[in-house]
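> Dropping a prediction and its sequence here:
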Amino acid sequence: MSSQTISFAPLSVPRPVPMQRLRPTQKNIPQTLADRARMVQFVRNYVAEFNPVPPLPLDQLREHAQRVVSLLKCDAAYLDFLGVLINNELWRETLATVPFERRLLLLPKCLRVEEKCPAPFDEFGLLCKECGLCSIQDLQNEAEALGYAVLIAEGSAIVMSMIQTGKIDAIVGVSCLNVLERAFPYMEAAAIPGVAVPLLQDDCANTNVDLDWVWDYIHLTSADKTRRLDLGALRDEIDFWFTPASLDLILGTPEGDTELIARDWLARAGKRWRPFLAVSAFQALRGNPGEPLPDDLRKVAVAVECFHKASLIHDDIEDDDSERYGEKTLHTEYGVPVALNVGDLLIGEGYRLIGACKATAEQKEQMLLVASEGQRQLCRGQGAELCWTRNPQPLRTVQVLDIFRRKTAPAFEVALRLGALYAGVEVHDAVAKVLSAYSEALGIAYQVRDDLSDLGANGETNDLAALRPSLLLAVAHERANGDRKQLLESVWRRQMPDGVTVEQVESLYTQLKADERARSLLETYKEQAIRSLKELDNPNLKGLLRRVIGKIFNDTEIKGWCKEFEAANAAKRAGPSDRVAIAGAQAA
């Protein structure tokens, strides 16, 4: 079969969203999203235990922040950041009860791309022209669609006058820590609920913010009964289901070496995102999301992971990969025949577990249909890639994204729909279309992130060495010309010239800004996943799936220091800042 006979389904790339510039955090904010998420969860537990009552005077807030620093044994430089987290948590549940139309979203003008921004100012602040260059447009449009009043301004006087009109009962604010600290007395005096999301830089121009964090606060509502769920604890519980003893309880006593090998493969390292998605969908759609999970749900979750781990075994054989999770792949360890058989066994185990779960006949019928259709879609995607390898030629970016859609999205959709079906056929049918759209965008984003994580000497795998289609290679090839285009075409055809190394090819990705384009696409498809939830009427599912995106993608590290950072800080030390207090949150 020639590559010309391969059919790639049309795939429309959504409007790009502004890529968050990968610049450094303020020195007194944790540098990784994962570290910030851990601090947020620790503070949430701290506030639940000690139950301080807002509004807290600044000195009391600092006392609590100092206690958290001591308990966490973290750098004292994070004191102010922890003060913000504590104050946010104090007001979080109150904010959730305030109707959207009684809230104000306050954004700083420094989120714009200053040298290109066409927006003018009036007495109330920036008048966004929706040019798409920064994140202000999307945040403003979403907040206003919900009913928020939105200001893009810096000035406590404006905010205080709005509070005094009696039309604003809560504020979600974005600013740097310095401005938040100056705003605190105004907010405390008004005793108005407010939460803050600190900027990741404090140099007053072309700054950037954790968009996932802002989105979570914008959408926070008491209608979402899952908002208090600890997703980290949920993941830990699901991980426990894959310990050897737990697997024996769920699957029964293993018989023979084949089952022992399969159980060992199931218990090996893995992110467990697919069973996590299944359980998350069930939690959101059940009538009482706060109650303990039913034991029988474990069968559905393990079934989802059986399908996934089987696909990994087969993929590793087809791609001739020698390592997975930092260990030998199954076929490298036991040989191809044994590995194939174990993969087939795991597929059978998945269907057996679905059939054995305590669901109605109609639920099981639908679950089996969903699982089998997902299996077919995954094989089609893998088949397109395998057929391409017989006569490899350059693929366009849209074609690589289509392979991602076919290979990765089906497994996410199966997981979500199985969890929804376990909650009930009727509730599943009401959300199935949205789950499909959400899964497609999530699956593409997940695979783009994997491509980016493969870069460099410390990459998890190497698509060039493994002869797999690469998004970065597709983008670089489209942008190159002359000798560089000829070189990249030879890489596509698996005819890399002698003396050319993988490192040299990857350096072209940087020169041609293919990595920047990939990061932009990552943000675009994450945003598309969020947008797909707009059609949901179920606040529990909408809120939980929104937070799941942050959970899956929160391990990105922001590296390096921006060149303007120290110069801007030096200028600020030389004279008074022209920034004024931004209202919208409290900080320490």
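Perfect, thanks for sending it.

> low-scoring stretches of the stretch 51-200 of the chain, by residue?
122-124, 132, 154-165, 181-190 (pLDDT under 70).

> go on, the chain?
If you take pLDDT under 70 as the line, the chain has these spans: 1-27, 122-124, 132, 154-165, 181-190, 202-206, 456-467, 554-588.

> Show the residue spans covered by the strands in it.
Along the chain, counting by DSSP state E, strands occupy 103-107, 121-122, 125-126, 149-152, 170-175, 194-198, 323-324, 327-328.

> pretty sure Glu237 is touching Leu293, no?
Yes: using Cβ atoms under 8 Å, Glu237 is in contact with Leu293, at 7.3 Å. To be clear about C-beta, it is placed using only N, CA and C from the backbone, and glycine gets the same treatment.

> Please name the nearest non-neighbouring residue to Gly270.
Among residues not flanking Gly270 along the chain, Tyr325 sits closest, at 6.9 Å (Cβ to Cβ, 6 or more residues apart in numbering).

> ok, now which ones touch the one you found?
The contact partners of Tyr325, taken as Cβ atoms under 8 Å, 6 or more residues apart in numbering, are 268-270.

> and the strands of the chain as JSON lines, adding distance to Ile403 and mean neighbour count?
Listed next are the strands of the chain as JSON lines, based on distance: least, Cβ to Cβ, whole Å; neighbours: other Cβ atoms under 10 Å:
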{"stretch": "strand 103-107", "distance to Ile403": "38", "mean neighbour count": "26"}
{"stretch": "strand 121-122", "distance to Ile403": "46", "mean neighbour count": "10"}
{"stretch": "strand 125-126", "distance to Ile403": "41", "mean neighbour count": "20"}
{"stretch": "strand 149-152", "distance to Ile403": "39", "mean neighbour count": "21"}
{"stretch": "strand 170-175", "distance to Ile403": "37", "mean neighbour count": "28"}
{"stretch": "strand 194-198", "distance to Ile403": "36", "mean neighbour count": "29"}
{"stretch": "strand 323-324", "distance to Ile403": "20", "mean neighbour count": "16"}
{"stretch": "strand 327-328", "distance to Ile403": "26", "mean neighbour count": "12"}
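
> want to throw these into CSV with distance to Thr510?
Formatted as CSV, the strands of the chain follow (distance: least, Cβ to Cβ, whole Å):
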stretch, distance to Thr510
strand 103-107, 32
strand 121-122, 37
strand 125-126, 34
strand 149-152, 34
strand 170-175, 31
strand 194-198, 30
strand 323-324, 26
strand 327-328, 31
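
> Nearest to Gln486, out of those?
Comparison of these against Gln486 by Cβ to Cβ identifies strand 323-324 as nearest, at 31.9 Å.

> Off-centre distance for that closest one?
24 Å (Cα atoms, centre = their mean, to the nearest Å).

> Listing partners with orientation, what would you give for that strand?
Sheet partners assigned to strand 323-324 using DSSP bridges are listed as strand 327-328 (antiparallel).

> So what touches the partner strand?
With Cβ under 8 Å, 6+ apart, strand 327-328 has contacts from 268-269, 322.

> Out of those residues, flag the one nearest to Glu130.
Ala269 (44.4 Å).

> Quickly note the distance from the closest one to Asp498.
Per Cβ to Cβ, to the nearest Å, Ala269 is found 37 Å from Asp498.

> List the contacts of stretch 442-461.
For stretch 442-461, the external contacting residues (Cβ under 8 Å, 6+ apart) are 273, 321, 323, 401, 404-405, 407-413, 462-463, 470-472, 503, 506, 509, 515, 518-519, 521-522, 525-526, 528-529, 549, 552-553.

> try stretch 239-259
Around stretch 239-259, the neighbours that count as contacts under Cβ under 8 Å, 6+ apart are 260, 262-264, 266-267, 270, 272, 275, 298-299, 301-302, 305, 338, 341-342, 345, 349, 353.

> cutoff 7 Å now
Outside stretch 239-259, the residues within contact range by Cβ atoms under 7 Å, 6 or more residues apart in numbering are 260, 263, 266-267, 272, 298-299, 301-302, 305, 341-342, 345, 349.

> Mind picking the two most distant members of those?
Arg298 and Asn341 (24.9 Å).

> Please say which of the two ends up with more neighbours.
Comparing Arg298 with Asn341 by other Cβ atoms under 10 Å, the one with more neighbours is Arg298, at 24 against 16.

> show me the contacts for that one.
Taking Cβ under 7 Å, 6+ apart, one finds 241, 250 in contact with Arg298.

> switch the cut-off to 8 Å
By Cβ under 8 Å, 6+ apart, the contact set of Arg298 is 241, 246, 250.

> Export these to JSON lines and append columns for neighbour count.
Output for the contacts of Arg298, formatted as JSON lines (neighbours: other Cβ atoms under 10 Å):
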{"residue": "Trp241", "neighbour count": "21"}
{"residue": "Ser246", "neighbour count": "15"}
{"residue": "Ile250", "neighbour count": "18"}
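
> got those residues as CSV, with distance to Val425 columns?
Shown next, in CSV, are the contacts of Arg298 (distance: Cβ to Cβ, whole Å):
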residue, distance to Val425
Trp241, 25
Ser246, 28
Ile250, 24
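
> number of nearby residues for Val336?
Neighbour tally, Val336, other Cβ under 10 Å: 13.

> Could you find the closest non-adjacent residue to it?
Nearest to Val336 is Ile317, by Cβ to Cβ, 6+ apart, at 5.8 Å.

> contacting residues around that neighbour?
Contacts for Ile317 (Cβ under 8 Å, 6+ apart) come out as 329, 331, 336, 339-340.

> would you list every one of the helices in the stretch 301-450 of the chain?
Assigned by DSSP state H, counting those that start in this stretch, the stretch 301-450 of the chain shows helices spanning 330-334, 336-356, 361-390, 397-407, 409-423, 425-453.

> Ala269 and Asp498: which is more packed in?
More crowded of Ala269 and Asp498, by other Cβ under 10 Å: Ala269, with 10 against 4.

> so that one sits right up against Lys309, yeah?
No: Ala269 lies out of contact with Lys309 (Cβ under 8 Å); the separation is 11.2 Å.

> Spatially nearest residue to Val475, not counting backbone neighbours?
If the residues on either side of it in the chain are set aside, Val475 comes closest to Ala514, at 4.0 Å by Cβ to Cβ, 6+ apart.

> same thing with Gln140?
Setting aside the residues directly before and after it, Gln140 is nearest to Val150 in space (Cβ to Cβ, 6+ apart), at 4.9 Å.

> repeat for Glu440
Glu440's closest residue in space is Ala409 (Cβ to Cβ, 6+ apart), at 4.6 Å.

> residues contacting that neighbour?
Contacts of Ala409 (Cβ under 8 Å, 6+ apart): 377, 439-440, 442-444.

> could the residues you listed be laid out in JSON lines, adding distance to Val47 and neighbour count?
As requested, the contacts of Ala409 are exported to JSON lines (distance: Cβ to Cβ, whole Å; neighbours: other Cβ atoms under 10 Å):
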{"residue": "Gln377", "distance to Val47": "44", "neighbour count": "18"}
{"residue": "Ser439", "distance to Val47": "34", "neighbour count": "26"}
{"residue": "Glu440", "distance to Val47": "38", "neighbour count": "23"}
{"residue": "Leu442", "distance to Val47": "31", "neighbour count": "29"}
{"residue": "Gly443", "distance to Val47": "36", "neighbour count": "23"}
{"residue": "Ile444", "distance to Val47": "37", "neighbour count": "31"}
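
> Quick check: the two most widely separated of the residues you listed?
Taking Cβ to Cβ as the measure, the contacts of Ala409 span a maximum distance of 14.8 Å, between Gln377 and Leu442.

> In ChimeraX, select just the buried ones from the contacts of stretch 442-461.
Applying 16 or more other Cβ atoms under 10 Å to these leaves a buried subset, and the ChimeraX line that selects it is:
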select :273,321,401,404,405,407,408,409,410,411,412,413,462,463,470,471,472,506,509,515,518,519,521,522,525,526,528,529,549,552,553
